[in-house]
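1. I'd like to go over a predicted model; first the sequence, then the structure.
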Amino acid sequence: MRLLKTRGKFKNKLTILLVSVVIMVSTFLGVFQYILIKNTLEDNFVQSRRLVRERVMNILSSSDKMQSILESQLEEQGKPILQMLNEAYVDRGNVDFNLEDYLDNRSDIDLYIIDVNDTVIRSTDRNDLGLKFKPWSDFTLFLEKVRAEKKFVSSRVSLSIKKSEMKKYCYLPSEDGKYIFEIGFSMEEQNKKLDGMGLDNFEEAVVKDNKFVDKILLFDYQGISYKKDGDNNNIYVGEKNLAYFEESIKSMNVIEVVADFNGRKSYYDYVPYEIVGAKGANERNVVQIVYNDAELQKSLTNSKMIVIAVVILGTIMVAAFGFVRGKKLIHPIEKIIDSVNEISRGNFNIKININSGDEMQILGNNLEKMSIEIKNLLDEQYKDKENLEKQNFEILSQKEEINALYEETTAMNEELTALLKENENSYFETVRALANSIEAKDSYTGGHCERVMKYSLGIADQLELSDYEKNKLRFGSILHDIGKIGIPEKILNYSGHFSEEDYEVMKKHPEIGANILRELSFLDESVRIVYEHHERVDGKGYPRGLKDEEIDMLAKIVCVADAYDAMTSSRPYRKQAMTKEVAIDELIKNSGTQFDKTVVNAFVEYLKDEKSDK
């Protein structure tokens, strides 16, 4: 009896020991396994975020280039309209003309006139009339550059100040710098051509393909989204996250934030992006990507419950088995421990063969099922990763196609530019032949037209005129005396002073030349130069007696260049040409009466820099 009692105590002690050991081992391994699963899932979540971020930026880059190609087409449409506004201002001397007349019945564009105070004084959009840009210092600096460059300038697509509408703006300053003529294209209809690749909807495919992505928005430099909400209202960077937005756009680094979104834990990525070819204030934008960890937390919870269930169930089975079959308990436990160790080492393809017909066999089967579920979960995560990489590869392929299209468009533009240049040179050679025909009548003016053109273009360089103005000046200067074709040779080559009657005939050559040029459409813009190059700033010139600002600026330049060459060349009425210094003194002496002071000063500087004298 005492022996049986001893055996009973030993059996109880063994059972208690086995149960205690199993509880401790199961708990430890369960926690270890849970930590392993948790780290794996969290690493996959971080990797998935990185892949989404790369995909978003690749799509955005492709969208930006497609948008740039579309905007280039709009620039070609906007430039001639702005040139017509500028010509209307030059002809009238003011901006009191109807901007509606230049819209060409288009509802997707608006025209604006900005004065020197950076205020919109004329506009086809009444909402922007009177808008003052002074509070936006970045934009006013951009307007100063536009005035300084004195040529057609365009900026990349941006949000309008008052309505936050996506618009493409182009600018052309007036020659006198008093006004900037601006055109704005509404991008609402234009972006439909991009078929889901616009700056306001490029992200939709990414959000649709990834459940853990809540939203993706592209914000401009002011923190305003290109995309509107469901009620067509503006979306702004949240006040709590504004500091992260500003840090990202300033440092051009990715900023990662953990915060609440719609009452749940969310992860924010603020990714900076530089708009291709942007000018002005809106050069840097920021992409906001908001992720949720709902799927991650769900997987962690399931794993936790499985581990807890295994620990509890294992403890119950070991306890029951210890009371009934204590001696046979050790072998199944060893098999379970070995299997758990295999799982801990990452080997999920295990088979637990326990045929005891009791709870230990159930524990082994459940552990095997848990291993399969963990393996399936990791396989699913791996498949998701492969899908993301596959989608990223597809985006990269699209990017290469877009780059090829971009390069093809650039090549076509270069070819067109070369053809236009060749055509322009052909026109100029024709003009040069006309100029030579003039000098054939006047034996004293050989090379005069070429020199006047050379001096005129030198003055234009000093005044930093635009290429457009220089081209007009180039044609107008070499043809300034084209009207002498209609003057008798006996008057042209007369060696004495003209009689009053002959002088009146001679004074008609600007008008004759202007009438000739009006018949040639490609020389139409140079008519005023030929017509007004003998006008004086004091109003005593001919043929119309214009004064100061009434005279075309390019005609003033030709006037000075013409006078200088006449003074430094032999003429019928003066056999001895003046020296360069004497001629300069004459120009300065008559500055403000016969000649424009600004033009004379520029010409003097040009002559100082000239390496060789006549």
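-> Received, thanks.
2. Could you use CA atoms for every contact and neighbour count after this?
-> Fine.
3. Point out where the stretch 1-150 of the chain drops to low pLDDT.
-> 1-15, 18-19 (pLDDT under 70).
4. for it, what spans make up the strands?
-> Shown for the stretch 1-150 of the chain, the strands assigned by DSSP state E, counting those that start in this stretch span residues 109-114, 120-123.
5. winner for burial among these?
-> Stretch with highest mean neighbour count among these: strand 109-114 (a mean of 22; mean count of other C-alpha atoms under 10 Å).
6. Quick check: neighbours of that strand in the sheet, parallel or antiparallel?
-> strand 120-123 (antiparallel), strand 180-186 (antiparallel) (DSSP bridges).
7. Go through the ones you listed and name the closest to Leu141.
-> Each of those has some distance to Leu141 by C-alpha to C-alpha; the shortest is strand 180-186, at 13.5 Å.
8. Looking at this protein, which helix is longest?
-> Assignment by DSSP state H gives helix 2-92 as the longest helix of the chain.
9. what packs against that helix?
-> Under the contact criterion of 3 or more C-alpha pairs under 8 Å, 6 or more residues apart in numbering; DSSP states H and E, helix 2-92 touches strand 166-173, strand 180-186, helix 204-209, helix 294-324, helix 330-344, helix 359-441.
10. Only C-alpha atoms, please: export stretch 265-278 in PDB.
-> The C-alpha coordinates for stretch 265-278 follow below in PDB (Å, rounded to 0.1, in the frame of the first residue of the first chain):
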ATOM      1  CA  LYS A 265      -4.200  55.000 -36.400                       C
ATOM      2  CA  SER A 266      -2.700  56.000 -39.800                       C
ATOM      3  CA  TYR A 267       0.700  56.500 -41.400                       C
ATOM      4  CA  TYR A 268       1.500  59.600 -43.400                       C
ATOM      5  CA  ASP A 269       4.200  59.900 -46.000                       C
ATOM      6  CA  TYR A 270       5.000  63.500 -47.300                       C
ATOM      7  CA  VAL A 271       7.100  63.000 -50.500                       C
ATOM      8  CA  PRO A 272       8.500  66.200 -52.200                       C
ATOM      9  CA  TYR A 273       8.300  66.400 -56.000                       C
ATOM     10  CA  GLU A 274       9.800  69.100 -58.400                       C
ATOM     11  CA  ILE A 275       7.500  69.900 -61.300                       C
ATOM     12  CA  VAL A 276       9.400  69.400 -64.600                       C
ATOM     13  CA  GLY A 277      10.400  72.800 -66.200                       C
ATOM     14  CA  ALA A 278       8.400  74.800 -63.600                       C
END
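11. Can you tell me what sits against it?
-> The contact list for stretch 265-278 (C-alpha atoms under 8 Å, 6 or more residues apart in numbering) reads 64-65, 68, 155-156, 244-245, 248-249, 252-260, 282-293.
12. which of the residues you listed count as buried?
-> Buried residues within these, counting neighbours by 16 or more other C-alpha atoms under 10 Å: 64-65, 68, 155-156, 244-245, 248-249, 252, 254-255, 282-293.
13. hmm, back to that, take the helices and strands packed on helix 2-92 and lay them out in JSON lines including mean neighbour count, mean pLDDT and distance to Tyr89.
-> Shown next, in JSON lines, are the helices and strands packed on helix 2-92 (neighbours: other C-alpha atoms under 10 Å; pLDDT from 0 to 100; distance: least, C-alpha to C-alpha, whole Å):
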{"stretch": "strand 166-173", "mean neighbour count": "24", "mean pLDDT": "92", "distance to Tyr89": "11"}
{"stretch": "strand 180-186", "mean neighbour count": "23", "mean pLDDT": "94", "distance to Tyr89": "10"}
{"stretch": "helix 204-209", "mean neighbour count": "15", "mean pLDDT": "80", "distance to Tyr89": "46"}
{"stretch": "helix 294-324", "mean neighbour count": "18", "mean pLDDT": "75", "distance to Tyr89": "63"}
{"stretch": "helix 330-344", "mean neighbour count": "17", "mean pLDDT": "73", "distance to Tyr89": "82"}
{"stretch": "helix 359-441", "mean neighbour count": "15", "mean pLDDT": "69", "distance to Tyr89": "26"}
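14. Tell me which of these approaches Ser499 most closely.
-> helix 359-441 (20.1 Å).
15. How far off centre is the very next helix or strand once past that closest one?
-> Scanning forward in sequence from helix 359-441 by DSSP states H and E, the next helix or strand is helix 448-462. Relative to its chain's centre, helix 448-462 lies at 38 Å (C-alpha atoms, centre = their mean, to the nearest Å).
16. now swap in stretch 465-475 and tell me
-> With C-alpha atoms, centre = their mean as the basis, the mean position of stretch 465-475 lies at 29 Å from the chain mean.
17. contacts for it?
-> So stretch 465-475 is in contact with 149-151, 428, 431, 453, 456-457, 460, 523, 525-526, 529, 554, going by C-alpha under 8 Å, 6+ apart.
18. one more time with 7 Å, if that's ok
-> With contact meaning C-alpha atoms under 7 Å, 6 or more residues apart in numbering, stretch 465-475 is reached by Lys150, Lys151, Met453, Leu457, Ala460, Glu525, Ser526, Leu554.
19. mind listing what Val120 touches?
-> Contacts for Val120 (C-alpha under 7 Å, 6+ apart) come out as Tyr112, Ile113, Ile114, Asp128, Leu129, Gly130, Leu131, Lys132.
20. wait, isn't the fifth one in contact with Asp115?
-> The one in question is Leu129. No. With contacts counted by C-alpha atoms under 7 Å, Leu129 stays clear of Asp115, the gap being 11.9 Å.
21. Need the residues touching each of those two.
-> Ile121.
22. hang on, isn't Arg122 packed against Asp110?
-> No. In this structure Arg122 lies outside contact range of Asp110 using C-alpha under 7 Å: 10.7 Å.
23. Domains in this structure, by residue range?
-> 80-193, 442-610 (the TED database).
24. same question for the longest one, mean pLDDT?
-> For domain 442-610, mean pLDDT is 90.
25. In stretch 510-519, which residues are buried?
-> Buried residues in stretch 510-519, counted by 16+ other C-alpha under 10 Å: Pro510, Glu511, Ile512, Gly513, Ala514, Ile516, Leu517.
26. Can you lay out these as TSV showing secondary structure and distance to Ser397?
-> Formatted as TSV, the buried residues of stretch 510-519 follow (DSSP: H, G, I helix; E, B strand; the rest coil; distance: C-alpha to C-alpha, whole Å):
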residue	secondary structure	distance to Ser397
Pro510	helix	63
Glu511	helix	63
Ile512	helix	63
Gly513	helix	60
Ala514	helix	58
Ile516	helix	58
Leu517	helix	55
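27. Count the residues that sit near Arg349.
-> That one is not Arg; residue 349 is Asn. Asn349 is flanked by 12 other residues according to other C-alpha atoms under 10 Å.
28. Show the contacting residues for it.
-> Residues in contact with Asn349 (C-alpha under 7 Å, 6+ apart): none are found.
29. Next one: it from Ile374, what distance?
-> 10 Å (C-alpha to C-alpha, to the nearest Å).
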